[in-house]
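Asker: Fold the following.
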Amino acid sequence: MKKINTLPLTFVIIAAFLLFACKKKESQTCSDENAIKPGYAEACGGTKGNPNVGVPTPTGGIPVTNPAFENSSLNCGGSGWLNPSCASSASLTLKGISGSVEVSLSFNTIPQTGNYNVSSVSGPSNVQLTVLNAPSQPTGITWYGRSGVVSINTNSTSINATFTGIQCVQSTFNFPIVTVSGNVGCN
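Answerer: Model prediction:
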């Protein structure tokens, strides 16, 4: 019986295996559902967008749209405005109300005569100013004062606040701006 040399035969089998394993595959078509390949979505009729519009994706969320779209101004105080009376002059909140519009000044301590900086939070020398239902804006939105100065004048029976050009924005949007001027008091 002839002996076959195993070393050359092994080399030929390995070479044939490598040749077939490295053979370039034919291009797969878009209709092949099992095909995984890079490319452009448009080439296979795709849209490259989220197929479930309105449903958050793992890499993003539903974009929030701003219901307000233009600047407005508000003059509070005077005729047609109500200032809820204080049980005493030791109130920490001053309000002016006209219909559904409400302007509030919130203090951290009992306000004294002097100037207070408008801030997002109240503090010893800061006041938080908010406006609910500003005119010419969608209803139900609270606007927060971001800059300006409020002048306080107090006596034994009342607290009066005067301010001009306080810029207010929404908590999640810096535009548009509601500019508030006027006065709010408490007796």
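Asker: Can you get me a residue count around the closest residue to residue 84 other than its chain neighbours?
Answerer: Residue nearest to residue 84 in three dimensions, not counting chain neighbours: residue 95, with 5.5 Å by Cβ to Cβ, 6 or more residues apart in numbering. Using the backbone N, CA and C atoms, a C-beta is placed for each residue, glycine as well. Using other Cβ atoms under 10 Å, residue 95 is surrounded by 21 other residues.
Asker: Would you mark the buried spots in whichever strand or helix holds residue 95?
Answerer: Using DSSP states H and E, residue 95 sits in strand 93-98. By 16 or more other Cβ atoms under 10 Å, the buried positions in strand 93-98 come out as 94, 95, 96, 97, 98.
Asker: Okay, and the beta partners of the nearest residue to residue 75 once chain neighbours are set aside?
Answerer: Residue nearest to residue 75 in three dimensions, not counting chain neighbours: residue 182, with 5.0 Å by Cβ to Cβ, 6+ apart. For residue 182, the beta-bridge partners are residue 76, residue 163 (DSSP bridges).
Asker: and residue 182, what does it touch?
Answerer: Residues near residue 182 by Cβ atoms under 8 Å, 6 or more residues apart in numbering: 74, 75, 76, 77, 78, 96, 103, 162, 163.
Asker: Residue 104 and residue 97, how far apart?
Answerer: 9 Å (Cβ to Cβ, to the nearest Å).
Asker: Residue 83 touches residue 96, doesn't it?
Answerer: Yes. Using Cβ atoms under 8 Å, residue 83 is in contact with residue 96, at 5.8 Å.
Asker: any common contacting residues for these two?
Answerer: With Cβ under 8 Å, 6+ apart, residue 83 and residue 96 have common neighbours 184, 185.
Asker: The residue nearest to residue 84 and residue 106 touch, don't they?
Answerer: No. Using Cβ under 8 Å, residue 95 makes no contact with residue 106, being 9.6 Å away.
Asker: any chance you could map the strands in this protein?
Answerer: For the chain, the strands defined by DSSP state E cover 72-76, 93-98, 101-107, 114-118, 126-132, 142-147, 149-154, 159-169, 178-186.
Asker: List just the one of those that sits closest to residue 66.
Answerer: Evaluated over the strands of the chain, closeness to residue 66 peaks at strand 159-169, with 10.5 Å, by Cβ to Cβ.
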